[in-house]
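*Asks:* Structural data only, the sequence is not supplied:
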């Protein structure tokens with residue numbers, strides 16, 4: 001009797017089709033799904049101006065951040081460990097999507113914006129800083145929990 005009920009339930013489930021049949025596309029699952037995504041505050045690169053922060057990130061969560069340079073000088077960001085503690089999904093510059101294996105640093109030669117999508121992986125304390133700078137405001141503190 002139990003096997004007959006199980007058979008009827010299984011057939012009914014298969015005939016019903018996927019849960020997203022009314023939508024155009026299947027829902028995303030896992031780390032790249034919309035419920036796992038968070039936008040970080042924009043980082044503005046400007047000579048002598050603070051970077052912002054601090055950030056507290058959760059390991060396994062997907063983040064997007066826009067980084068904008070105002071053109072006040074050739075300016076970049078580097079990190080001693082942050083770029084190795086994340087998985088970079090994509091870097092978008094002027095609508096062009098790049099999917100690198102990783103990043104070491106970024107630099108703007110003129111005004112512009114890039115968006116970086118990444119998943120925080122390795123817990124720890126990190127920072128992003130402007131190369132050659134010594135001021136605390138030129139450093140964005142990051143904690144991955």
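*Replies:* Alright, I've got the coordinates. Bear in mind that the values here come from a model prediction, so they are computed numbers and not experimental data. Residues are numbered from 1 along each chain as shown.

*Asks:* quick one: least confident helix or strand in the chain?
*Replies:* helix 2-16 (a mean of 45; mean pLDDT, DSSP states H and E).

*Asks:* I'd say residue 102 and residue 85 touch.
*Replies:* No. With contact defined as C-beta atoms under 8 Å, residue 102 does not reach residue 85; the gap is 10.5 Å. Where you see a C-beta, it was placed from the backbone N, CA and C, and this is true even at glycine.

*Asks:* returning to what we had before: tell me which strands the helix or strand following the least confident helix or strand of the chain pairs with, and in which orientation.
*Replies:* Following helix 2-16 in sequence order, the next helix or strand is strand 37-39 (DSSP states H and E). In the sheet, strand 37-39 lines up against strand 62-69 (parallel) (DSSP bridges).

*Asks:* So for the strand it pairs with, what gets flagged as buried?
*Replies:* 62, 63, 65, 67, 68, 69 (16 or more other C-beta atoms under 10 Å).
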